[in-house]
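Colleague: Next input, structure requested:
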Amino acid sequence: MARTTLEKAQQAYDEGDYAKALSTLKSGGVSVFEAAEPATRLDAMKLEAFSYCVANQIPECRLQFRKILDAFPTFELNVAERKHPVWGPAFEAAKRMKR
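Modeller: Numbers count the residues shown, from 1 in each chain. Modelled structure (predicted):
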């Protein structure tokens, strides 16, 4: 269930429909991903953060990255992601909020 929901959200994101990606991720409520395997849960949370960022909802993007860091304290963006002009700074801001 969680993997299918994630795949539908990823497809919407890839098509540039960020609002649909977000609504798909939220369609099953938080519980869909809470019970999912950690990798699926992390992928869903990361996709949600990226969707907020590209939809120019920066406070929500930062908050989502903070939720990721709360759930996965050792999480880091990869090198290419850290260099992204929107979510790189949002992630760094979320990391600073955790301290």
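Colleague: buried ones in the helix or strand containing residue 3?
Modeller: Taking DSSP states H and E as the definition, residue 3 sits inside helix 2-14. Within helix 2-14, the residues that count as buried by 16 or more other Cβ atoms under 10 Å are 2, 5, 6, 9, 10, 12, 13. No exception for glycine: its C-beta is placed from N, CA and C like everyone else's.
Colleague: which strands and helices sit next to it?
Modeller: Where contact means 3 or more Cβ pairs under 8 Å, 6 or more residues apart in numbering; DSSP states H and E, helix 2-14 is packed against helix 18-27, helix 30-34, helix 38-54.
Colleague: what's the burial count for residue 67?
Modeller: 15 (other Cβ atoms under 10 Å).
Colleague: can you check residue 78 too?
Modeller: 7.
Colleague: same deal with the one 4 residues further on?
Modeller: By the other Cβ under 10 Å criterion, the neighbourhood of residue 82 contains 13 residues.
Colleague: now it: how far from residue 56?
Modeller: 19 Å (Cβ to Cβ, to the nearest Å).
Colleague: and what of residue 88?
Modeller: Residue 88 is 15 Å from residue 56, by Cβ to Cβ.
Colleague: between those two, which one's more packed in?
Modeller: residue 88 (15 against 10).
Colleague: pLDDT of the one helix or strand that one maps to, averaged?
Modeller: Following DSSP H and E, the helix or strand that holds residue 88 is helix 87-98. Helix 87-98 shows a mean pLDDT of 90.
Colleague: Over to stretch 20-33?
Modeller: Stretch 20-33 comes out at a mean pLDDT of 80.
Colleague: Same check on stretch 48-59?
Modeller: pLDDT averaged over stretch 48-59 gives 94.
Colleague: My read is that residue 86 contacts residue 53, right?
Modeller: Yes: look at residue 86 against residue 53 with Cβ atoms under 8 Å: they come within range, at 4.5 Å.
Colleague: between the two, what contacts are shared?
Modeller: residue 61 (Cβ atoms under 8 Å, 6 or more residues apart in numbering).
Colleague: Comparing these two, which residue is more hemmed in?
Modeller: Legend: neighbour count by other Cβ under 10 Å for residue 86 and residue 53, higher for residue 53 (24 against 15).
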